[in-house]
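Q: Everything below, folded, please.
(2 chains)
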Amino acid sequence: MRADLTCDHLVTYYRLVDDDRVFKALADPTRRFLLDRLFARDGRTLTELESELDMTRFGVMKHLRILEAAGLVVTRRSGREKLHFLNPVPIRLIHDRWIDKYRERRVSALAELKRELEGSK
Amino acid sequence: MIAAATEKQVTTTQVYRVYIKATAQAIWDAITAPGWAEKYGYGCPVEYDLRPKGAFRAVASPAMKAHAPAMPDVIIVGEVIESAPPRKLVQTWHPVWDEASAKEEPTRLTYEIDDQPGGMCRLTITHDVAGAPLTAAMVAGEVPNAGGGWAFVLSDLKTLLETGKRLAE
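A: Reported below is the predicted structural model:
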C-alpha cells in the first residue's frame, strides 16, 4: 500500500546519485586505506588518521570529506574532538541491490536447469 | 608501544546511517509501532512502552523458532531512556537469546531521525556496546550465520519504506 505513495523513478534517481558517490569515493587507494583503518578501530580523530599517512593534514581532510559526502564516514563531536566512524550501510545497499540481484538470477537459472534436466530424464 | 596498545582497544560505539525517502513519522512507526518490525530485518515483533523506564522487548519470529527450537520467546529486553517521537529514541538493548549474551552488559541504543531536503529523512543508529563484545560482533554482522546486523536491517527498512517490498522477496 505504501508503494502507491512513492514515486519509483525518483527513488531510483536518488539511489543512482548515491551509488555514484560511493563508487567514486571507493575508487581511491588512500580513501580505502582510511576506511580500513576505521574498520580496524572506529571513532578516530583526524590527527590519529593523519599520523598513519604520508600526506598533509589538508590532504587527509579532503579525502575524509569525500568519504563523508558518500555516507561512508559519519562524524561525531566528542568534547573538542571530532571522531570519524565507518558507516557500512551504503556498501550494504549496493550489495543488496546489485549483487543479490545477480545472485538471485543465477540461482533461478540453476533451478530452471535442474528442472529441465530432471524433466528430460 | 603506546600505539600498539591503543590499536588493540576495541571501539565500543558503532554508527549506522541511512537516507530514506519517507517521513520521520513513517520511520518512527517502522521502528516502534506494533506490526512493523515483523516486516523487515530479522522479522522479530517488538513491544515498546514509550515512556522513560518503559519496557522494550523483542520476541523470536516464527522462522527463528522453526530454525532453532531452543530459542526463548523473548530474545531482546530493554528499557526506554528517552522517547521524543518522531525524532529520537534512546533505550537499553540487551540480547538474552543465549546465556553468553545474557551475561553481557546491557547496551545503549540511540535512534535519531532528521529531515533532509527532497523529502528524505536521515536515520542514524548509534549503538554503544561497551561491555558486550558478543553483541557488538552480532550487530556488526560479523557472526557467521547470524545475519548482517544493523547494516542489513537498515537496508531492508529503506527498501520496505521506499518500495513497499522486502529485500528477500
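
Q: what are the ranges of the helices in chain A?
A: Under the criterion DSSP state H, chain A contains helices at A:8-26, A:29-40, A:46-50, A:57-69, A:89-94, A:100-119.

Q: next one: chain B
A: Under DSSP H, chain B gives helices at B:2-8, B:24-32, B:62-67, B:99-102, B:133-139, B:149-163.

Q: thinking again about what came up before, worst average pLDDT in the helices of chain A?
A: Of all the helices of chain A, helix A:100-119 carries the lowest average pLDDT, namely a mean of 66.

Q: ok, now how distant is the closest residue to chain A within chain B from B:Lys158?
A: Here chain B gets closest to chain A at one residue, B:Gly164, 3.3 Å apart by CB to the nearest CB. The way it works is simple: take the backbone N, C-alpha and C, and place the C-beta from them, glycine included. Here the criterion is CB to CB, to the nearest Å. By it, B:Gly164 lies 12 Å from B:Lys158.

Q: which of these two has more neighbours?
A: B:Lys158 (26 against 15; other CB atoms under 10 Å in any protein chain shown).

Q: which bits of chain B sit near chain A?
A: By CB under 8 Å from any CB of the partner chain, the residues of chain B that approach chain A are B:7, B:9-11, B:13-19, B:21, B:26, B:118, B:120, B:124, B:126, B:141, B:148, B:150-152, B:154-156, B:158-165, B:167.

Q: Buried ones among these?
A: Buried members of these, counted by 16 or more other CB atoms under 10 Å in any protein chain shown: B:11, B:13-19, B:21, B:26, B:124, B:126, B:141, B:148, B:150-152, B:154-156, B:158-163, B:167.

Q: circling back to that earlier point, which among the helices of chain B is found nearest to A:Lys24?
A: A:Lys24 lies closest to helix B:149-163 among the helices of chain B, at 20.3 Å (CB to CB).

Q: Quick one: residues in contact with that closest one.
A: By CB atoms under 8 Å, 6 or more residues apart in numbering or on different chains, the surrounding residues in contact with helix B:149-163 are A:2-3, A:6, A:8, A:11, A:88-89, A:91-93, A:96, B:14, B:16, B:18-22, B:26-27, B:30, B:39-42, B:123, B:125, B:127, B:138-142, B:148, B:165-168.

Q: List only those of those residues flagged as buried.
A: The neighbour-count test (16+ other CB under 10 Å) applied to these identifies A:6, A:11, A:88-89, A:91-93, A:96, B:14, B:16, B:18-22, B:26-27, B:30, B:40-42, B:123, B:125, B:127, B:138-141, B:148, B:167 as buried.

Q: quick one, domains of chain A?
A: Per automatic domain parsing, the structural domains of chain A span A:2-87, A:88-121.

Q: mind giving me JSON lines with those and columns for distance to B:Met71?
A: Formatted as JSON lines, these follow (distance: least, CB to CB, whole Å):
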{"stretch": "domain A:2-87", "distance to B:Met71": "30"}
{"stretch": "domain A:88-121", "distance to B:Met71": "25"}
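
Q: could these be laid out in a markdown table, adding distance to chain B?
A: Shown next, in a markdown table, are those (distance: least, CB to the nearest CB, whole Å):
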| stretch | distance to chain B |
| --- | --- |
| domain A:2-87 | 3 |
| domain A:88-121 | 4 |
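
Q: right, so the ones you listed: which one is the most enclosed?
A: domain A:2-87 (a mean of 15; mean count of other CB atoms under 10 Å in any protein chain shown).

Q: how far is stretch B:131-150 from where the chain is centred?
A: Relative to its parent chain, stretch B:131-150 has a centroid offset of 11 Å by CA atoms, centre = their mean, to the nearest Å.

Q: Stretch B:99-108 too?
A: Offset of stretch B:99-108 from its chain centre (CA atoms, centre = their mean): 15 Å.

Q: which outside residues touch it?
A: For stretch B:99-108, contacts defined as CB under 8 Å, 6+ apart pick out B:78, B:81, B:90-96, B:127-136, B:138.

Q: how far does that stretch stretch from start to finish?
A: Using CA to CA, to the nearest Å, the end-to-end distance of stretch B:99-108 comes to 19 Å.

Q: mean confidence for it?
A: Averaging pLDDT along stretch B:99-108 gives 96.

Q: what do you get for stretch B:111-130?
A: Mean pLDDT, stretch B:111-130: 96.
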